[in-house]
Structures are given as C-alpha cells and as structure tokens.
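[1] Predicted model and sequence below, questions to follow.
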Amino acid sequence: MPELPEVESVRRGLMAARISAPIAAVWRSEHALRMSGDLAALIGARPGAVGRRGKYLLWEMDAAGEALGLLVHLGMSGRFGVARPSDPRVKHTHFVLRLEDDRELRFVDPRRFGGFLVGAAATLKGQPPLAGLGPEPLDAGFDGALLAARLGASERCLRDALLDQRAVAGVGNIYAVEALFLAGLHPLTPARALRASAWARLAEALQRVLNQGIASGGTTLKDFRNVTGEVGRGQDDLKVYGREGEPCPRCGQALRGFVHGGRSGVFCPSDQPRRQIR
Ligand SMILES: [Zn+2]
C-alpha cells in the first residue's frame, strides 16, 4: 500500500506535470471505489497546488473564486497518469479529468481500495478522513516527545501503534518495520513500555526512513507507480522488510519474520531484542 513517501512522490509528480488548465469534462467508471464524490462540481475549475496529508492528496481547485478540493486516497494500487484524450484508456481507469489543454488526468486503480471526495477545500480539511489524522512525521516539531504523547499510553505493540493514522499520519507497515529496525526496537514491544530515549530514537528513525523513501521516489513492491508510470527505487533501500531469513545488514544474523494482527513483519533477533526497553 502506498505510504507517505509514495503519496509524496505522486504529489511531486502531479506538481511537475504543471496541470493548471481548467477542467473541461469529467468521466467516471461505473465501478465502486472505497469513497467517491461528485466530479461534475470540478468542471470549469482550475487545478492549483497539490497538497498531502498523511496518505491523502488534497488538490486545490479554483472554481471562479471558490476554493474547491479533490481529496484522493490511492488505496492499495491507485495511481495517476497524464495522457492525451486519444490515448487508449488502460483497464481499471476509474476517473478522468479532461483539461482544456488537451490533456487528461487519469486515475487507475485495479484493486479499487482507493477513492476520492470533492468539496469545499476548507470542508475537506475540517472533516474526516483528514480531520482525525495525527501529526505529520516530517513536520518541524515532530520528535520523540510528541510520539510518546500520542502513543505512550497504548497497550498495543509498537508496530501496530505506528500504523494508527490518528496517532501519526502516513506511516504504514513497510516504513514502520524499517524504522523499528533502525531504532533497535522489537516490533512487538508494548508501546507503553518505552522510555523517552527510545521514543526519541524511534521518531528520528521514522523521519530517516520516510525521507529516504521520498528521495528514492517511493517503494514499489507490487503496484506503486509514480505519475510518469515509473516504479520507485525505495525497495532497494529496505534493510529488513521482505528480507526474512536473509542476513541482518548490521550483524549478519538471520532476520526473522512474524505475523501480528494479520500483518507480517521482519526484525533482527539480535539487534531488536524482545522487551528490551532502553
Ligand atoms: Zn542484526
């Protein structure tokens, strides 16, 4: 599933495509998405800046002075592409914005866990799903103390606690597993057991893996593509995720896999000892 770095890569790709011509027409497939709004409200609107909050994109659209927004979640496999109207539409295209400059913005999502909403930008920002999101891990001021304030009382294990979008926005399984390795923390340690120094290490590790993911253009394990259709390079940077049984890059011991709450993960039994709280 696209996490913060993948969504940020898409945001940057959309900005780089310089999409600013007004929307001339819209098209929507007949297939249900996880959430769906009224695209027709965007006809005549001029696309502006693309923002990101957690794993959501919020695209500002200027409709004759009214600030509208197109909120998009990529789900498991959603992606945007820019095409000419004459280009054949690939299978699983679910909505299209035709621009007055003879380009189309196409949203493709084979697994249909993605979706979109349309509304006044201020309303979209002030209501779920955006309103309930936790702090942005790459914002100034995000640190161990903030992370501890959000998660320090949680009975859940660290890996699961980090996936809670209300606690911290944008982190998914890949970057949670990588950050816990970097911080030397066992993924199944209860969050409430951590001390301040460990929260500080974890906050720093999260920022490092997320920044690295963005610098690599996102991580492509299966479906992720950026706006130009390319895969990310972040999978080459993964230290432990997906490397169960391989030697730990730090100590050489075999990395161990686990499944908790229906989600898999990987850790180094030597560098991330269980219940070691520092
Ligand atoms: Zn190790």
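    Yep, that arrived. Residues are numbered from 1 along each chain as shown.
[2] Do I have it right that P110 meets S77?
    Yes. At 5.0 Å, P110 counts as touching S77 under the criterion of Cβ atoms under 8 Å. Where you see a C-beta, it was placed from the backbone N, CA and C, and this is true even at glycine.
[3] Tell me where the stretch 101-250 of the chain has helices.
    For the stretch 101-250 of the chain, the helices defined by DSSP state H, counting those that start in this stretch occupy 121-126, 144-151, 158-162, 173-183, 196-215.
[4] what angle sits between the fourth one and helix 196-215?
    Angle between the axes of helix 173-183 and helix 196-215 is 130 degrees (criterion: axes from the mean of the first three to the mean of the last three Cα atoms, to 10 degrees).
[5] roughly how far apart are T189 and the ion?
    T189 sits 16 Å away from the ion when distances are taken as Cβ to the ion, to the nearest Å.
[6] Could you verify my assumption that that residue touches L158?
    Yes. T189 is in contact with L158 according to Cβ under 8 Å; the separation is 5.1 Å.
[7] Which of those two has more residues huddled nearby?
    The neighbour count for T189 versus L158, taken as other Cβ atoms under 10 Å, is higher for L158 (25 against 21).
[8] Now do that one against the ion, distance only.
    17 Å.
[9] check contacts around that residue.
    L151, A176, L180, L185, H186, P187, L188, T189, P190, A191, L194, L202 (Cβ atoms under 8 Å, 6 or more residues apart in numbering).
[10] hang on, the earlier thing: adding mean pLDDT and distance to R256, write the helices of the stretch 101-250 of the chain out as a markdown table.
    What follows is those, written out as a markdown table (pLDDT from 0 to 100; distance: least, Cβ to Cβ, whole Å):
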| stretch | mean pLDDT | distance to R256 |
| --- | --- | --- |
| helix 121-126 | 97 | 42 |
| helix 144-151 | 97 | 24 |
| helix 158-162 | 97 | 13 |
| helix 173-183 | 97 | 11 |
| helix 196-215 | 97 | 19 |
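[11] can you redo those helices as TSV with distance to G51?
    Below are the helices of the stretch 101-250 of the chain laid out as TSV (distance: least, Cβ to Cβ, whole Å):
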stretch	distance to G51
helix 121-126	9
helix 144-151	21
helix 158-162	23
helix 173-183	20
helix 196-215	15
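[12] and of the ones you listed, who's closest to G13?
    helix 196-215 (11.9 Å; Cβ to Cβ).
[13] ok, back up a step: quick one: which of the contacts of L158 has the most company?
    Highest neighbour count within the contacts of L158: L180, with 29 neighbours (other Cβ under 10 Å).
[14] Now do the nearest residue to it once chain neighbours are set aside against R208, distance only.
    Take L180 and drop its neighbours on the chain: the residue closest to it by Cβ to Cβ, 6 or more residues apart in numbering is P187, 4.9 Å away. Distance, P187 to R208, by Cβ to Cβ, to the nearest Å: 17 Å.
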